[in-house]
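Colleague: quick one, what's the 3D model for this:
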Amino acid sequence: MLLRAGAHEEWPGPEPIVAGEEPADHTLIKAQRVCVLNTLDSAGDIGQKIAFRSQRAGDELRVSYFVHWSTERPWGDRSPIEALAIDSVYSHFFFFLPGLRYLMHGPSDIEGATVIYRVEGERLSVVEGFADDDSHTPVTLREEDLRDGDGTALMTSVWSHQLGTPGAARAAAESPPETLSRRCYQGADLIPLTPSIAERFWLGTPDAPRRARPAWR
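Modeller: The predicted structure follows:
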């Protein structure tokens, strides 16, 4: 369903972990299935992995997800004339040179969301989450927006891929497959965020976030 557009910047795969040395929280996080839904025929291929970072406080586990798309271009929810005008400068300088998006933010498109879980034995229970809407305004996602059976659902409905669209869990359960795309991640599909990934994709740091700001909360 998703359109292929723009050069693909390869999102890293998992780094080797010696058996028995993976943190217990990472084991819990990787066991929690995360699905990303897209209701729009937007540009860019979604990555094969999601990077995450986490913070633990008692039985609360805060997990931040960094979701990768190969490109971000204004096609899908704009008129052709408006999309062309934005695309000629934002994605490309009149289709020959890197556009403002690359110069300001770096390669590919990285969007973020943070989900707060309660640790219940060997499983995670969704409490709430945070993401951005299409205007980069922070939104709060409720448990019923996020809890998709035993997993977590995030959803975008805009060309710029922000993950703050509410109702992801309901859409996952009730929407016909032809009305949205769905990519799910679990186990080795979820990789810890490393300094090298953050540097390569211009993500910044918790004290100075540059991209995917909701994932730095």
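Colleague: strands of this protein, start to end?
Modeller: Counting by DSSP state E, residue ranges of the strands within the chain are 34-38, 46-57, 60-69, 92-93, 97-98, 109-120, 123-132, 138-141, 147-148, 151-156, 181-185, 190-192.
Colleague: and the last one, which strands flank it?
Modeller: Spelled out, it's strand 190-192. Strand pairing for strand 190-192, determined by DSSP bridges: strand 46-57 (parallel).
Colleague: distance from the chain centre to the partner strand, please.
Modeller: Distance of strand 46-57 from the chain centroid (CA atoms, centre = their mean, to the nearest Å) equals 9 Å.
Colleague: swap in stretch 30-43?
Modeller: Stretch 30-43 sits 8 Å away from the centroid of its parent chain (CA atoms, centre = their mean).
Colleague: end to end, how far does that stretch reach?
Modeller: Taking CA to CA, to the nearest Å as the measure, stretch 30-43 stretches 28 Å from start to finish.
Colleague: among the strands of the chain, show me which one is buried the most.
Modeller: Taking mean count of other CB atoms under 10 Å as the contact definition, the stretch among the strands of the chain with the greatest mean neighbour count is strand 151-156, which reaches a mean of 26. (C-beta placed from N, C-alpha, C; glycine too.)
Colleague: now do that strand: which elements does it pack against?
Modeller: Under the contact criterion of 3 or more CB pairs under 8 Å, 6 or more residues apart in numbering; DSSP states H and E, strand 151-156 touches strand 34-38, strand 109-120, strand 123-132, helix 143-146, helix 168-174.
Colleague: as TSV, the strands of the chain with mean pLDDT would be great.
Modeller: Written out in TSV, the entries for the strands of the chain read as follows (pLDDT from 0 to 100):
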stretch	mean pLDDT
strand 34-38	96
strand 46-57	94
strand 60-69	96
strand 92-93	59
strand 97-98	60
strand 109-120	96
strand 123-132	97
strand 138-141	96
strand 147-148	95
strand 151-156	97
strand 181-185	94
strand 190-192	94
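Colleague: still on that earlier bit, nearest to residue 69, of the helices and strands packed on strand 151-156?
Modeller: strand 109-120 (4.3 Å; CB to CB).
Colleague: partner strands of the closest one, with direction?
Modeller: Partners of strand 109-120 in the sheet, by DSSP bridges, are strand 60-69 (antiparallel), strand 123-132 (antiparallel).
Colleague: how about the most centrally placed residue in the chain: what's its closest non-neighbour residue?
Modeller: For the chain, the residue sitting closest to the mean C-alpha position, by CA atoms, centre = their mean, is residue 67 at 2.7 Å. In space, and not counting its chain neighbours, residue 67 is closest to residue 111: 5.2 Å by CB to CB, 6 or more residues apart in numbering.
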